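In: Would you be able to build a 3D model of this:
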Amino acid sequence: MGHNGQRIVTAATVIGVGTILALAGLVQAQTTCVAPTNCLTNAGFETVNPFNASEPLGWHNLSNVTEVRRRTLTDGLLPPAVVRTGVASIMVATPGNSDFRGMTTDTVNFFQAGFPFFDVAYNYADAKDVVFSGYYFIPTNSPVVGDFGGVKMNVKGLNQDYATLDPWGGQGPTFQGDTGGLWVLYEKTWTAADIITQVQNNSDLGIIPFPPTPPNRVKFTIGRFAFDAPASSGVIFWDDVKLELVDAVPACPACPADYNQDGGVTGDDIAAFFADFEAGSGCADTNVDGGITGDDIAAFFSAFESGGC
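Out: Down below sits the predicted model:
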């Protein structure tokens with residue numbers, strides 16, 4: 001799905017538009033995360049899409065094929081491909097202005113029963129954090145100017161967008177310039193709290209019908225964009241991307257005395273504090289000096305005995 005909300009099914013030119021439309025009503029599944037260390041299909045872009053040689057399997061180009069596509073070391077195209085591992089990467093170039101360009105997981109797997117999306121299954125009730133990482137490379141002779149690279153996540157149910165967590169809107173890191181001849185690690189965690197807040201806000205505003213149907217998948221778009229930039233230039237290569245669904249890490253208590261965050265200051269807080277202290281948990285650093293020592297016990301009991309923070 002593009003930045004403007006449109007989605008194009010990759011295989012349309014091969015199977016036929018009529019067949020695609022007939023199948024559309026059946027597309028209700030999503031790709032289960034079978035490898036918890038990386039839920040993304042074809043994360044190194046090594047396998048080509050059998051329906052479209054310019055795309056990696058499991059990914060769809062939202063843009064002109066000359067600007068966004070799968071690249072290999074021997075494809076003979078310009079600029080020369082840059083690859084971190086294997087023989088393939090993806091390239092995200094620009095049409096010369098700030099129009100959105102990108103490659104997305106929001107495409108259908110026609111080789112699996114139920115025709116699931118390559119988007120990753122997300123159980124909203126599990127309240128998992130979503131962690132994306134990957135490497136990008138910007139040649140020194142083709143720096144990104146005028147717009148910004150980044151990764152967007154959409155939380156979806158069936159074909160409905162429930163939330164958009166957009167780096168170009170401030171919800172994640174963006175970058176431009178060049179990478180000095182090096183591959184640079186891009187990392188972003190969308191917390192379960194972030195996701196729930198966005199979905200609930202959209203529900204409260206009447207933008208989405210929630211409940212009764214909760215979101216059930218997450219879509220990723222590797223792209224570039226800027227608001228109102230008159231011109232843009234440069235090229236970005238991406239390789240070795242990764243997506244993990246991890247247990248949400250609870251926030252440390254804002255008030256150390258109420259260590260278990262149940263609203264009261266009781267003996268249960270002492271037990272909770274010492275459990276973390278003995279485990280070396282970062283939240284036990286109650287004096288916030290970067291270490292977990294006896295000074296933290298003193299700081300905890302000072303707050304506990306005063307009944308406050």
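In: can we go C-alpha only for contacts and neighbour counts from here?
Out: OK.
In: Can you give the contact residues for stretch 246-255?
Out: Taking Cα atoms under 8 Å, 6 or more residues apart in numbering as the criterion, the residues outside stretch 246-255 that touch it are 127-131, 191-192, 259-261, 283, 308-309.
In: let's go with 7 Å and repeat that
Out: Outside stretch 246-255, the residues within contact range by Cα atoms under 7 Å, 6 or more residues apart in numbering are 127-130, 191-192, 259, 261, 283, 309.
In: Need the max-distance pair from those.
Out: The largest distance within the contacts of stretch 246-255, taken as Cα to Cα, falls between Val130 and Cys309 and amounts to 31.7 Å.
In: So between the two, which is more surrounded?
Out: Looking at Val130 and Cys309 with other Cα atoms under 10 Å, you find the greater number of neighbours at Val130, namely 21 against 16.
In: Walk me through the domains of the chain.
Out: Here the domain assignment for the chain is 12-247, 250-309, based on automatic domain parsing.
In: Mean pLDDT added to these, as TSV?
Out: Formatted as TSV, the entries for these read as follows, by pLDDT from 0 to 100:
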stretch	mean pLDDT
domain 12-247	88
domain 250-309	85
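In: So which of those domains is the most surrounded?
Out: domain 12-247 (a mean of 19; mean count of other Cα atoms under 10 Å).
In: Just checking the distance from it to the centre of its chain.
Out: 8 Å (Cα atoms, centre = their mean, to the nearest Å).
In: Longest strand in the chain, please.
Out: strand 144-157 (DSSP state E).
In: List the contacts of that one.
Out: Contacts of strand 144-157 with the rest of the structure, by Cα under 7 Å, 6+ apart, involve 98, 161-167, 173-178, 214-226, 229, 231-235.
In: Strands of the stretch 101-250 of the chain, start to end?
Out: Under the criterion DSSP state E, counting those that start in this stretch, strands of the stretch 101-250 of the chain are mapped to 101-104, 117-121, 128-137, 144-157, 160-165, 175-177, 184-190, 217-225, 236-247.
In: Dump the ones you listed to TSV, plus distance to Gly290.
Out: Shown next, in TSV, are these (distance: least, Cα to Cα, whole Å):
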stretch	distance to Gly290
strand 101-104	40
strand 117-121	37
strand 128-137	25
strand 144-157	32
strand 160-165	32
strand 175-177	30
strand 184-190	23
strand 217-225	35
strand 236-247	24
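In: what about the ones you listed, which gets the closest to Val83?
Out: Closest among these, once you apply Cα to Cα, is strand 236-247, at 6.8 Å.
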